[in-house]
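*Asks:* can you look at this prediction? I've put the sequence above it.
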Amino acid sequence: MLEIRTLVKVYPGPVAALQGVSLEASRGMLGLLGPNGAGKTTLMRIVAGLLEPTSGAVYFDGEDVAGDPRRIRRKLGYLPQHFGFYPHLAGAAMLRFLLVLKGVHAPQGVKRLADELLERVNLRDAARRKVGTWSGGMRQRLGVAQALAGDPRIVVVDEPTAGLDPEERLRFYRLLAEVAEDRLVLLSTHIVEDISVLCPRVVVLTGGRIVADTTPRRARARLEGAIFEGAVEKDRMADLADRCEVTQAVLIEGRNRVRVHVPDGAPPEGFEPVAPSLEDAYLLLTRNRGAENGVAPPAGAERVAP
């Protein structure tokens, strides 16, 4: 069981990266969704025992992470947003080096453990190739392999799919889903699709505060009947934005295709009702419910049992 209690982190400036974050989680995939600068990476680094909070605490199975970070790290795997490798090393050699650095106990030897981990993340055939020749997705899978060393009970992954092509992203989704079957995986991202595909529970963070702790299904359901879509000429966009809350606008065949949030169900002329998406809910939460507005978690940000 992971317990995060009223975490506050203030950097010099001062910059309040976290402002009283609290949550609990056990097994499965928990998505932490928020824009860049929301405080996600700061939270992940505190959970991993790499950064001390200004106040508050993180407990794993009742143990304070800050009290004995080395002991907690034996139960934890961490894949940071920027994970460096030596490009001249072969994949197997790179992984063995990382396992030695982590001090992972391997009864049958580090080489055997590295081979098993590479097999698990489907990198066996590339084990002898230099990491510098690998794709971004392959390097991310190698990062997961080192995070799984020691069979941790909690795995923290920070922005793992940024920069991956669609095919690599799908492979990575399957791998993370398998990893989460028997442990807690904390997935931090600003990519809504990652959450939609993987996470039965999502926590939305903005301005260093939690503005929603819910499920993707509930987040969409709260907007049922309030999202409309239509084509809008470029010269009408400013007027539409003044009258309606635009959630998304994309260019299709040279014309703006726009989605708007209309709570009273009276859309602009030419707009039709559409099924709400998690991205609609996310954009509305982060745009209108940020901590800078001094607003508590809104209706629709249901608390769900961990």
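*Replies:* Right, received. Where do you want to start? All of these numbers come straight from a predicted model, not from anything done at the bench. Numbering: from 1, shown residues only.
*Asks:* for the stretch 201-306 of the chain, give me the ranges with low pLDDT.
*Replies:* Using pLDDT under 70 as the threshold, the predicted model of the stretch 201-306 of the chain has low-confidence ranges 288-306.
*Asks:* could I get the full set of strands for the stretch 201-306 of the chain?
*Replies:* Under the criterion DSSP state E, counting those that start in this stretch, strands of the stretch 201-306 of the chain are mapped to 201-206, 209-214, 227-232, 245-252, 255-261, 272-273.
*Asks:* what's the most buried one of those?
*Replies:* Compared across these, strand 201-206 shows the largest average neighbour count, a mean of 24 (mean count of other CB atoms under 10 Å). The way it works is simple: take the backbone N, C-alpha and C, and place the C-beta from them, glycine included.
*Asks:* buried residues, stretch 273-288. List them.
*Replies:* Neighbour-count burial for stretch 273-288, counted by 16 or more other CB atoms under 10 Å, picks out 276-286.
*Asks:* how far off centre is that stretch?
*Replies:* 17 Å (CA atoms, centre = their mean, to the nearest Å).
*Asks:* hmm, who's touching it?
*Replies:* Where contact means CB atoms under 8 Å, 6 or more residues apart in numbering, the residues beyond stretch 273-288 that reach it are 33-35, 38, 192, 195-196, 202, 204, 206, 211-212, 216, 219-229, 245, 247-248, 259, 261, 267, 298, 300-301.
*Asks:* stretch 72-83 now?
*Replies:* Taking contacts as CB under 8 Å, 6+ apart, the residues outside stretch 72-83 that touch it are 41, 44-45, 47-50, 60-61, 63, 65, 139-140, 143-144, 146-150, 152-160, 162.
*Asks:* any idea of the mean pLDDT for that stretch?
*Replies:* Across stretch 72-83, pLDDT averages out at 83.
*Asks:* measure that stretch end to end?
*Replies:* Taking CA to CA, to the nearest Å as the measure, stretch 72-83 stretches 21 Å from start to finish.
*Asks:* what of stretch 58-68?
*Replies:* Separation of the first and last residues of stretch 58-68 by CA to CA is 11 Å.
*Asks:* so which bits of it are buried?
*Replies:* With the criterion 16+ other CB under 10 Å, stretch 58-68 contains buried residues 58-60, 65-66.
*Asks:* neighbouring contacts of that stretch?
*Replies:* Against stretch 58-68 from outside (CB under 8 Å, 6+ apart): 1-5, 7, 46-47, 49, 52-53, 57, 71-72, 75-76, 153-154.
*Asks:* which helix or strand contains the spatially most central residue of the chain?
*Replies:* The chain has Ser188 as the residue nearest its centroid, 2.1 Å off, counting by CA atoms, centre = their mean. Assigning secondary structure by DSSP states H and E places Ser188 in strand 184-189.
*Asks:* average model confidence for the next helix or strand after that strand?
*Replies:* Downstream of strand 184-189, the next assigned helix or strand under DSSP H and E is helix 192-198. When pLDDT is averaged along helix 192-198, the result is 92.
*Asks:* using PDB, list the CA coordinates for helix 192-198.
*Replies:* Below are the C-alpha coordinates for helix 192-198, written out as PDB (Å, rounded to 0.1, in the frame of the first residue of the first chain):
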ATOM      1  CA  VAL A 192      -4.200  11.500 -22.500                       C
ATOM      2  CA  GLU A 193      -4.100   8.400 -24.700                       C
ATOM      3  CA  ASP A 194      -1.700   6.700 -22.300                       C
ATOM      4  CA  ILE A 195      -4.300   7.000 -19.600                       C
ATOM      5  CA  SER A 196      -7.200   6.000 -21.800                       C
ATOM      6  CA  VAL A 197      -5.500   2.800 -22.800                       C
ATOM      7  CA  LEU A 198      -3.900   1.700 -19.600                       C
END
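*Asks:* buried stuff in that helix?
*Replies:* Within helix 192-198, the residues scored as buried using 16+ other CB under 10 Å are 192, 194-198.
*Asks:* how about residues contacting that helix?
*Replies:* Residues from elsewhere that reach helix 192-198 (CB under 8 Å, 6+ apart): 29, 31, 33, 160-161, 173, 176-177, 180, 187, 189, 202, 216, 277-279, 282.
*Asks:* just the buried residues from the contacts of stretch 72-83, in PyMOL please.
*Replies:* PyMOL command restricting the contacts of stretch 72-83 to the buried ones, with burial defined by 16+ other CB under 10 Å:
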select buried, resi 41+44+45+47+48+49+60+65+139+140+143+144+146+147+148+149+150+152+153+154+155+156+157+158+159+160
